[in-house]
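Colleague: no sequence on this one, just coordinates:
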């Protein structure tokens, strides 16, 4: 485990059957697993490889990616824990960069899904000349009923 200066913890795990890339898995904590898996599936074309609940229903997770299975690709693991309050002291902010052939088309797909699930386009597609990359930014908002 490694902790950054803001108190966020990172875990490094050695995988025996990791894909070719050295980064085999990214885990994000989410408020609602169904909304999050729907977003990544509909907006970004990811596939849900598997999901699971633990026996006490305190932890649910789903593994998503672009290959045929999790051994062929870097996996995005989305996890929700029922015993962690929404106000855990963190801001819940994270960034995930995904390469795409057409950032404008990906932005339009994200807009459609955001209309359904909630969220915002943070940055319209733009060329960042210093790194010669076109990028867009968006957030998914979860609105919880009282």
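Modeller: Sure, I can see it. None of the values given here were measured: they were computed from a predicted structure.

Colleague: so in the chain, which strand runs the longest?
Modeller: Longest strand in the chain, counting residues (DSSP state E): strand 119-128.

Colleague: how many neighbours does the residue nearest to residue 104 when sequence neighbours are not counted have?
Modeller: Nearest residue to residue 104, sequence neighbours excluded (Cβ to Cβ, 6 or more residues apart in numbering): residue 125, at 4.9 Å. From N, CA and C alone the C-beta is placed, and that goes for glycine too. When counting by other Cβ atoms under 10 Å, one arrives at 16 neighbours for residue 125.

Colleague: quick one: the helices in the protein?
Modeller: Remark: helices assigned in the chain by DSSP state H are 33-44, 103-117.

Colleague: check which residues of the first one are buried.
Modeller: Of all the residues in helix 33-44, those buried under the rule 16 or more other Cβ atoms under 10 Å are 33, 35, 36, 37, 38, 39, 40, 43, 44.

Colleague: so what touches that helix?
Modeller: Helix 33-44 is contacted from outside by 28, 30, 46-48, 51, 60-62, 64, 76, 78-80, 98, 106, 109-110, 112-114, 116-117, 119, 138, 140, 142, using Cβ atoms under 8 Å, 6 or more residues apart in numbering.

Colleague: that one to strand 119-128, inter-axis angle?
Modeller: Relative orientation of helix 33-44 versus strand 119-128 (axes from the mean of the first three to the mean of the last three Cα atoms, to 10 degrees): 40 degrees.

Colleague: hang on, the earlier thing: so which of the helices of the chain gets nearest residue 70?
Modeller: Across those, residue 70 has its closest neighbour in helix 33-44 (14.1 Å, Cβ to Cβ).
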